[in-house]
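[1] no sequence on this one, just coordinates:
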């Protein structure tokens, strides 16, 4: 279907917004009036620029506080509306958004509102435009799309229809089912936004916290399905007010936005088994990944990481035949250490490899979702990877599911065979820290390309601010990628990334690592006193945890024992053992870790 | 009264928090358990450190989810409580906070909760501690201080009392009057927090948005008056969970925090005409300022500012006898240009001068509120100023009210007398941009030291993000200081400061300035098309506004015409004329200004 985006979703000047929307591949835009007013370009220039860029101008918005008023006020409002219609005409825009009255409504009557909309419709018609009437969730009298439709039906004017906005409908918990009762030719416009589940006044929620589809908690698939069932065939248009997107590069945000609409269309198509909407864009059906294939750490010099891995029982499996890259493994956990093109870089997570049921389908899907391709030089004898760059710059690679070691392991020579298992089973999770600019975008990337789903977000109090954490995962837990966002006083690099490994015997592994001289992240004695009281652990049990700097957590489903290494560069390792059906990450222990890391980094006096 | 602060208000390690609290002058602290657990220092070390620093340890907190549960759960909870009491005992803390059950309560019964609190009291007593029971606003069954007190009364145990927290009482709109019915010896603790008026779930509101007294919308004077009327004489303790304070220098936040408690005590004392609480700290009774005395701009080279001021009709009134400082004036508006100690600095607002009814009282008050003294080298023949540094680094000076030019003007020689009035009357407002770290602190500074009051906050959409604006003012509008906070992607310097002057004839002034070659901030033609429609202005009127790049606003009380100069360094000037009783700042025009400034700065392609 035709895609569109409101200019209010993007930062910059109106001209910058148009360029960004066109470059991303949108078919059209909605012009937010303040963007036009603040800019130097005349409506005629904007119209011509849009034509050159191949963008349609789909909506001019908003006209506020027009109807439900006394006659004197209405006369003034008609004049105001006429000026807006004149501008829309100059822009060549045929549809103008009229919001239900918030500020000045005094008459709570469908008949009065309908009569006034009819008269506005007459004026609109005289300028060759039509009005799309929208119930704002905080409208004074009209806050429900069903009432807006009733008023439009009463107005019974060819230039008066409704605009449906998912936020206003779903934020109030209104059932979108009755949308199907609205005649298609009376749905003049459709605006889409997702939002997180928040309990706050709906105006602030709407103005600051909207998200692109796939990033929030709204059931947009059902909403859009209802609108399409009504017969609507206008643009799917995004209108997302969001404090972050207002600040970030509009070229980046526009791609991100279009990705969300592509994903949503595929979801809607999948929910329509009869396929009677062939104009919906659909995606290659890629199943979610089934295992971590590897994590790649990059640095000019990876030897500090090698020391750690050796102490932890990993084995160096060889050096790559053609690149300054080495492979370390333990059980099914593979760590690739890469020293190419890493001048002046300290160790950091550069790439995550995943095994997927159908690599070709994932590759096709990533391309359809405009994921930038990551480049890996590949020679004839080497296994090809699917590859994409996530919004935060991390590269993701995927290969077909392997039973045992994947083919590419054979590209590494000269290593030591793994003689005895060290107790590491596999990669449990890869924690990627996010700058605040990319947190939402990365959620959508992992959800749309790989089919990961978000857990409920968490907040961790650190010594210098709250860290937001959002886990993206597969249902079975084979893939878990926590995304951590640093408090904004820290630069992004102030928060370390980490790779966690699941073990069959974390205590034994810790003990052997201690014997080999591993520097654990030291945990305070107070923590162990607390543990004893918190969980009623026995003295011996606590003594063993304390000796090895192990941490402990318990849920109704099981318990969890884990430890951290010191940080090397901007990355550290965690080793975990899940007992029973424990499904978390020891989040309650994260403040202890953050405080200990701050001490270890020397940024606090002991 | 004794002052205290919860360690959760401050960033850093527990040791850093104790040092910061002591340095600011607090009498005691509440230890937030996670701060102890995450730290290396044993309870005994913390106890000894507090003693060395002269801090009492007033509360250990919190114990959660203890009462209102079945017997099996309660047995486990008792063990958990005992461990916490043991730690409190090691810390030498006599009072432990117990929050009403949020997560595990299954029994909605005062009798059951009271019985369980009684048994917890027995255990507490055996460790030499007592428990202060607090109704959390989101407690499962007990969310009202009146019910918490009923339960404590039923428990009837010497080691069981209540803790009152202003947030939990006032956020739910509960009347604090019944606090006076609680016997003083059963109020074991008092926690204070302010908060902005927000409509959101009370848990998020509490965890992220609490403020120090004087910065939010709660009536803390009445709340504390009720608690004192009950006879409470324990510490006034701050417990403020705030995302910003979690990130900022704890030494700075601690001073800021104590200032808020000092201000609050004075307010409470003033509300108690009988003065039966002589232990409340009171402040010198300084009346609010009555006029702007001057604004000082500082730069290595101020000549660009001088060109602007000349074009705007200001007169150079002379050079200071002893310093590289010059004075420009127009009507009662005085601008001091200062080139000393300004190497490499572009023009910026360095100081604001105010005229006050009783300069001595303001000086005494500022000292009592721990405002750092600003230093101005003063010679025998020069007028002395009161002086303080605001949290954002701006210096504030004050002198007694003057009729006509203040005495210090005579320190400037060699200037040109003002021959004919240029139409400028006085300084209308001085807009100070704030880094996000100091926004709340500056509100409290201006409120507590000068008695300014906050207007409702506003948000202005700029091309690269939302700008938050909070006007601090006197009731009569003689002093207006808008505080603008940049979106966090911009560094603080990306948002310009400005000084606005009120004029008797802004159109005439603009015309004369244009004749003298003033470079106005250019305003888009689209804005004038919009104005015509928005307000129904006549064609000639709009043409005149457009010719001179004037902006227009209207409210029910009057209207407003204003214009902006281009920015010089990090400051620009605004000239305004208020018609009727217009009391605003043309905030709706601010997006137009921000967009035009971005174009003028060359950061956007035209």
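    Thanks, I have it. Since the model is a prediction, treat every value here as computed from it, not as a measurement.

[2] Leaving out the residues flanking it, which one is nearest to the spatially most central residue of chain A?
    For chain A, the residue whose C-alpha lies nearest the mean C-alpha position (CA atoms, centre = their mean) is residue A:443; its distance is 2.7 Å. By the measure of CB to CB, 6 or more residues apart in numbering or on different chains, the closest residue to residue A:443 outside its immediate chain neighbours is residue A:215, 5.4 Å from it. All C-beta atoms are positioned from the backbone trio N, CA, C, and that covers glycine.

[3] any idea whether that neighbour is helix, strand or coil?
    What DSSP: H, G, I helix; E, B strand; the rest coil gives for residue A:215 is coil.

[4] burial measure for it, as a count.
    For residue A:215, the count of nearby residues is 27 (other CB atoms under 10 Å in any protein chain shown).

[5] got a pLDDT number for it?
    Per-residue confidence (pLDDT) for residue A:215: 95.

[6] re earlier: tell me what the helix or strand hosting the residue nearest to the centre of chain A is packed against?
    With elements delineated by DSSP states H and E, residue A:443 resides in helix A:439-450, which encompasses its position. Contacts of helix A:439-450 with other secondary structure elements, assessed using 3 or more CB pairs under 8 Å, 6 or more residues apart in numbering or on different chains; DSSP states H and E, are made with helix A:250-270, helix A:359-368, strand A:453-454, strand A:465-473, strand A:480-485.

[7] now with 7 Å?
    Secondary structure elements in contact with helix A:439-450, counted by 3 or more CB pairs under 7 Å, 6 or more residues apart in numbering or on different chains; DSSP states H and E, are helix A:250-270, strand A:453-454, strand A:465-473, strand A:480-485.

[8] So which residues of the stretch 151-300 of chain A form helices?
    If you assign secondary structure with DSSP state H, counting those that start in this stretch, the helices in the stretch 151-300 of chain A sit at A:166-170, A:202-208, A:220-229, A:250-270.

[9] now the ones you listed in a markdown table, with mean neighbour count?
    Rendered in a markdown table, the data for those read as follows (neighbours: other CB atoms under 10 Å in any protein chain shown):
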| stretch | mean neighbour count |
| --- | --- |
| helix A:166-170 | 24 |
| helix A:202-208 | 17 |
| helix A:220-229 | 22 |
| helix A:250-270 | 23 |
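
[10] Go through those helices and name the closest to residue B:467.
    Closest to residue B:467 of these is helix A:202-208 (CB to CB; 13.5 Å).

[11] Tell me which of the helices and strands packed on helix A:439-450 lies nearest to residue B:461.
    Distance to residue B:461, taken as CB to CB, is lowest for helix A:250-270 among the helices and strands packed on helix A:439-450, at 14.1 Å.

[12] can you give me the angle the helix holding residue A:443 makes with strand A:465-473?
    Between the axes of helix A:439-450 and strand A:465-473, defined by axes from the mean of the first three to the mean of the last three CA atoms, to 10 degrees, the angle is 10 degrees.

[13] residues in contact with the closest residue to residue A:39 other than its chain neighbours?
    Closest residue to residue A:39 apart from its sequence neighbours, by CB to CB, 6+ apart: residue A:14 at 4.4 Å. The contact partners of residue A:14, by CB atoms under 7 Å, 6 or more residues apart in numbering or on different chains, come to A:7, A:35-36, A:39, A:41, A:46.

[14] What is the most widely separated pair among those residues?
    Within those, two members stand farthest from each other by CB to CB: A:7 and A:41, at 12.4 Å.

[15] So between those two, which is more surrounded?
    When residue A:7 is set against residue A:41 and neighbours are counted by other CB under 10 Å, the residue ahead is residue A:7, at 24 against 19.

[16] Okay, the more buried one and residue A:37: tell me how far apart.
    Between residue A:7 and residue A:37 the distance is 12 Å, computed by CB to CB, to the nearest Å.

[17] just residue A:327 next, same as before
    With distances taken as CB to CB, residue A:327 is found 59 Å from residue A:37.

[18] Also residue A:258?
    Taken as CB to CB, the span from residue A:258 to residue A:37 is 26 Å.

[19] Go ahead and list the helix or strand containing the residue of the stretch 451-600 of chain A found nearest chain B.
    For the stretch 451-600 of chain A, the residue positioned closest to chain B under CB to the nearest CB is residue A:533, at a distance of 2.2 Å. When secondary structure is defined using DSSP H and E, the element that contains residue A:533 is helix A:525-535.

[20] buried set for that helix?
    A:526-535 (16 or more other CB atoms under 10 Å in any protein chain shown).

[21] Tell me the pLDDT of the closest residue to chain B within the stretch 251-400 of chain A.
    The shortest separation between the stretch 251-400 of chain A and chain B is 12.2 Å, found at residue A:253 (distances taken as CB to the nearest CB). Here, the pLDDT recorded for residue A:253 equals 97.

[22] From what I see, it and residue A:245 are in contact.
    Yes: with contacts counted by CB atoms under 7 Å, residue A:253 reaches residue A:245, the gap being 5.0 Å.

[23] shared neighbours of these two, anything?
    Counting by CB under 7 Å, 6+ apart, the common neighbours of residue A:253 and residue A:245 are A:9-10.

[24] hmm, back to that, looking at the helices of the stretch 151-300 of chain A, which one has the lowest mean pLDDT?
    Ranked by mean pLDDT, these bottom out at helix A:202-208, which scores a mean of 91.

[25] what's it in contact with?
    Defining contact as CB under 7 Å, 6+ apart, one finds that helix A:202-208 is touched by A:137-138, A:167, A:171-172, A:195, A:198, A:241, A:243.

[26] ok, so of those residues, who is nearest chain B?
    Of the contacts of helix A:202-208, the one sitting nearest to chain B (CB to the nearest CB) turns out to be residue A:243, at 6.0 Å.

[27] related to what we said a few turns ago, which of the helices of the stretch 151-300 of chain A sits closest to residue B:452?
    Distances from residue B:452 to each of those were compared using CB to CB; the minimum, 25.9 Å, belongs to helix A:202-208.

[28] Outline the domain layout of chain A.
    If the domains of chain A are taken from automatic domain parsing, they occupy A:3-270, A:291-600, with pieces of a single domain joined by a plus sign.

[29] Out of those, which is the most enclosed?
    Among the domains of chain A, judged by mean count of other CB atoms under 10 Å in any protein chain shown, the one packed with the most neighbours on average is domain A:3-270 (a mean of 21).

[30] First-to-last residue distance for it?
    Looking at domain A:3-270, the gap from its leading to its trailing residue is 18 Å under the measure CA to CA, to the nearest Å.

[31] Repeat that for stretch A:263-276.
    Taking CA to CA as the criterion, the two ends of stretch A:263-276 lie 18 Å apart.

[32] Residue A:37 and residue B:530 touch, don't they?
    Yes: in this structure, residue A:37 sits in contact with residue B:530. The criterion is CB under 7 Å, and the distance is 4.7 Å.

[33] ok, now how distant is residue A:182 from residue A:98?
    From residue A:182 to residue A:98 the distance is 16 Å (CB to CB).

[34] how much space between residue A:104 and chain B?
    Computed with CB to the nearest CB, to the nearest Å, the distance linking residue A:104 and chain B is 11 Å.

[35] Ramachandran angles for residue A:519?
    Residue A:519 adopts backbone torsions of phi -90, psi 100, taken as degrees, to the nearest 10.

[36] excluding its backbone neighbours, what's nearest it?
    Beyond its immediate neighbours in the sequence, the residue positioned closest to residue A:519 (CB to CB, 6+ apart) is residue A:566, lying 4.9 Å away.

[37] Please apply the same query to residue A:97.
    Using CB to CB, 6+ apart and skipping the chain neighbours, the partner closest in space to residue A:97 is residue A:61 (3.6 Å).

[38] and what of residue A:172?
    If you skip the residues right next to it in sequence, residue A:172 has residue A:137 as its closest partner in space, 5.2 Å away by CB to CB, 6+ apart.

[39] State the phi and psi torsions of the one you found.
    When read as degrees, to the nearest 10, the backbone of residue A:137 gives phi -60, psi -20.

[40] Model confidence score at it, please.
    Residue A:137 carries a pLDDT score of 96 in this model.
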